[in-house]
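> Fold the following and give me the result.
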Amino acid sequence: QVQLVESGGGLVQAGDSLRLSCAASGLSFSGYVLGWFRQVPGKDREFVAGINRWSGASTTYADFAKGRFTISRDNAKLTLYLQMNTLKPEDTAVYYCAADRKTVPPTSATEYAYWGQGTQVTVSS
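So this is what the prediction gives:
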C-alpha cells in the first residue's frame, strides 16, 4: 500500500522560508517520478515542481516557483522535499506531494496515481 505523508507546513511571514517533506512508503521510491502541487479553495490543484526518477537530476518548475522553490529527493530516506524561499502571501495553499511511474514528471494532477493528504502553508503579509 503506497503512502505519502507531507509535513513541514505552517504559518510564516512574507519573505520567510519553509521546507516541506514527503515521506513515502510502499513503493520502489527511486523508480517513481515525484511532484509537488498546491491548491486553494475553489481552484484546481496547481503544479509547483516535478523531479525525475532515479537520480533526480532533472527538475521542472511552474513559472511562479522558478528561482524561489527547489525540489529534491533523497532515495535512501524515501523522502521528497520542497525548499520554499522568499514566500509570498499568494503562496498560501495546501501543498500535496504526488508519485507516479511515468518516465517524466507530469505537470497535470490527473496524471499522478498516488497522493499525500496535504500540508497547509499560510504566508501572512
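
> can you map out the strands along the protein?
Under the criterion DSSP state E, the chain contains strands at 3-7, 10-13, 18-25, 33-39, 46-51, 59-61, 69-74, 79-84, 93-100, 114-115, 119-124.

> Give me the nearest residue to the spatially most central residue of the chain, chain neighbours excluded.
The centroid of the chain falls nearest to residue 36 when counting by CA atoms, centre = their mean (2.3 Å). Excluding the flanking residues, the one nearest residue 36 by CB to CB, 6 or more residues apart in numbering is residue 48, at 4.2 Å. Where C-beta positions appear, they are placed from N, C-alpha and C, glycine not excepted.

> what about that neighbour, how many neighbours?
When counting by other CB atoms under 10 Å, one arrives at 25 neighbours for residue 48.

> That one contacts residue 35, doesn't it?
Yes - in terms of CB atoms under 8 Å, residue 48 counts as a neighbour of residue 35; the distance is 7.5 Å.

> can I assume the residue nearest to the centre of the chain is in contact with residue 19?
No - Residue 36 sits out of contact with residue 19 when judged by CB under 8 Å, with a separation of 11.7 Å.

> hey, what's in contact with both of these two?
Contact criterion CB atoms under 8 Å, 6 or more residues apart in numbering; residues bridging residue 36 and residue 19 by contacting each: residue 82.

> related to what we said a few turns ago, which stretch among the strands of the chain comes nearest residue 107?
Of all these, strand 46-51 sits nearest to residue 107, with 4.4 Å by CB to CB.

> angle of the closest one against strand 18-25?
Here strand 46-51 runs at an angle of 70 degrees relative to strand 18-25 (axes from the mean of the first three to the mean of the last three CA atoms, to 10 degrees).

> what about stretch 51-59, how long is it end to end?
Its first and final residues considered, stretch 51-59 spans 4 Å by CA to CA, to the nearest Å.

> just stretch 98-114 next, same as before
The stretch stretch 98-114 measures 5 Å between its terminal residues, going by CA to CA.
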